[in-house]
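A.B. asks: got a sequence here, can you model it:
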Amino acid sequence: MARLHVMNLEGEGRVEVTLSRRNLLTLLQKLDMPGSMRQIENNDCFGDGVQTPFYPGEGRDNSLPRTILVLRCEDDAEHYAKRAAGPGLIHPATERFVQEHGGAPPEVLAICDQPQEPSE
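C.D. replies: You can find the predicted model right below:
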């Protein structure tokens, strides 16, 4: 299953989610499965390298709360509906792959006509 690691670094926090190919394919399949919650859950979570409790009330030698990772997937139309520009830019090779497999088209950047300086 997926793994979550929350890290408190100097001046910033970092959340790292590790997915296997199997996890990614599971989410993709659930996206089109009728009646699916379109999510996977796991309690394999860490806070600054220390594993959080798996079950409520489980005794661990740390003060970390029980943490559950929930990964949800959404259709592109649903996900990007509130973003006027649409999906962000990605590497061209990745963009081709996404387009070949039915992903939403990339953000279109508007290029404004700039006034031209008169030539001498």
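
A.B. asks: hey, let's count contacts and neighbours off CA atoms from now on
C.D. replies: Noted.

A.B. asks: can you pull the buried residues of stretch 69-77?
C.D. replies: Judged by neighbour count using 16 or more other CA atoms under 10 Å, the buried positions of stretch 69-77 are Leu69, Cys73.

A.B. asks: which strands or helices does the helix or strand hosting Thr26 pack on?
C.D. replies: Under the criterion of DSSP states H and E, Thr26 resides in helix 21-32. Applying 3 or more CA pairs under 8 Å, 6 or more residues apart in numbering; DSSP states H and E, one finds that helix 21-32 contacts strand 39-42.

A.B. asks: show residues contacting the helix or strand just after the strand it packs on.
C.D. replies: Following strand 39-42 in sequence order, the next helix or strand is strand 45-47 (DSSP H and E). Residues outside strand 45-47 that contact it (CA atoms under 8 Å, 6 or more residues apart in numbering): Arg3, Leu4, His5, Val6, Met7, Gln51, Thr52, Leu64, Thr67, Ile68, Leu69.

A.B. asks: ok, now stretch 13-33?
C.D. replies: Contacts for stretch 13-33 (CA under 8 Å, 6+ apart): 1-8, 36-40, 72-75.

A.B. asks: just the terminal-to-terminal distance for that stretch.
C.D. replies: 35 Å (CA to CA, to the nearest Å).

A.B. asks: can you give the distance from it to the centre of its chain?
C.D. replies: 8 Å (CA atoms, centre = their mean, to the nearest Å).

A.B. asks: if I pick Glu74, what's in contact with it?
C.D. replies: Contacts of Glu74 (CA under 8 Å, 6+ apart): Leu31, Arg38.

A.B. asks: got the residue ranges for the strands in the protein?
C.D. replies: 3-9, 12-18, 39-42, 45-47, 50-51, 69-72 (DSSP state E).

A.B. asks: winner for burial among the ones you listed?
C.D. replies: With neighbours defined by mean count of other CA atoms under 10 Å, none of those is more surrounded on average than strand 45-47, at a mean of 19.

A.B. asks: state the mean pLDDT of that one.
C.D. replies: Strand 45-47 shows a mean pLDDT of 87.

A.B. asks: my read: Asp44 touches Phe54, true?
C.D. replies: Yes - contact criterion CA atoms under 8 Å: Asp44 and Phe54 qualify, at 7.2 Å.
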